[in-house]
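Colleague: what's the 3D shape of this:
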Amino acid sequence: MKLAFASLAILATAACTTNPPKADDPAYALTGGKADSTWCHVQFDSVESTSIRVDYQIASTTTEQEFSRTAQPLWLNVARGDLGGAQAVRVWMGDEMYSSEEGYDLAAQYNLFQSGPAAQVDLYRSEDPTRFTGPLAAGLPISEYWDGDDQATIHAHQFAIVIDGTWQTDPISGTHNFVTRDLGGCGE
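Modeller: Sure, this is the predicted structure:
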């Protein structure tokens, strides 16, 4: 009976080692946890002492009629000292488009936003037990400009974070939505 138990333990260990580990955020993987200048960062801190960090690079696409920018690759990171026992972290992202001519403040005051597609990502534990991470493969749109238009479309994004069923709270708005007005301001 003891031999059978040992054999099962060896099989279980072998099964675990054949699964490749999931990738970690390249911005964290670099020396000292700092990314080089090609990476942009947005960081939020919740009332619950959770750090939410969005690491991304800006990709530009130009056609004959359109110039667009996208935050891609994009990685989401949620960290807090007591996340070692956490089971699940999910991030929801909403997209609110507004005209560069009206600007974010005017769009917010008069509710001039157009809703873009939403996305959700289930994060996984990184090698650091206090941090969950995960990529958003499609990235997030930053802006589009169509040839002949007088203005560009800018994308503001909302991030809502749920840890084991508990929504994190933005200390600025008092809501569960952490807002960034324009991901394109990085590196300019």
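Colleague: Please report phi then psi for residue 113.
Modeller: When read as degrees, to the nearest 10, the backbone of residue 113 gives phi -70, psi 150.
Colleague: Could I get the contacting residues of it?
Modeller: Going by CB atoms under 8 Å, 6 or more residues apart in numbering, residue 113 touches 96-98, 107, 156. Any C-beta I mention is one placed from the backbone N, CA and C, and that applies to glycine too.
Colleague: Same check on residue 63?
Modeller: By CB under 8 Å, 6+ apart, no residues touch residue 63.
Colleague: hmm, back to that, just among the contacts of residue 113, which is most surrounded?
Modeller: With neighbours taken as other CB atoms under 10 Å, the top of these is residue 98, carrying 23 neighbours.
Colleague: right, and it touches residue 111 too?
Modeller: No - the criterion here is CB atoms under 8 Å, and residue 98 misses it with residue 111 at 10.3 Å.
Colleague: Could you pull out the residues contacting both of those two?
Modeller: The contact lists of residue 98 and residue 111 share no entry, where a contact means CB under 8 Å, 6+ apart.
Colleague: Quick check: buried residues in stretch 22-31?
Modeller: In terms of neighbour count (16 or more other CB atoms under 10 Å), stretch 22-31 has its buried residues at 24-28.
Colleague: Equivalent analysis for stretch 46-58, please.
Modeller: Buried residues in stretch 46-58, counted by 16+ other CB under 10 Å: 46, 50, 52-58.
Colleague: circling back to that earlier point, and the least confident of the buried residues of stretch 22-31?
Modeller: Within the set of the buried residues of stretch 22-31, pLDDT is lowest for residue 28 (70).
Colleague: so where do the helices sit in this structure?
Modeller: If DSSP state H is used as the criterion, the helices of the chain fall at 2-18, 26-29, 103-109.
Colleague: Now the first one: average pLDDT?
Modeller: Averaged over helix 2-18, pLDDT sits at 38.
Colleague: quick revisit: check the buried residues of stretch 46-58 against residue 174 and report the nearest one.
Modeller: residue 46 (11.3 Å; CB to CB).
Colleague: Max pairwise distance over the buried residues of stretch 22-31: which two?
Modeller: For the buried residues of stretch 22-31, the farthest-apart pair by CB to CB is 24 and 27; their separation is 9.2 Å.
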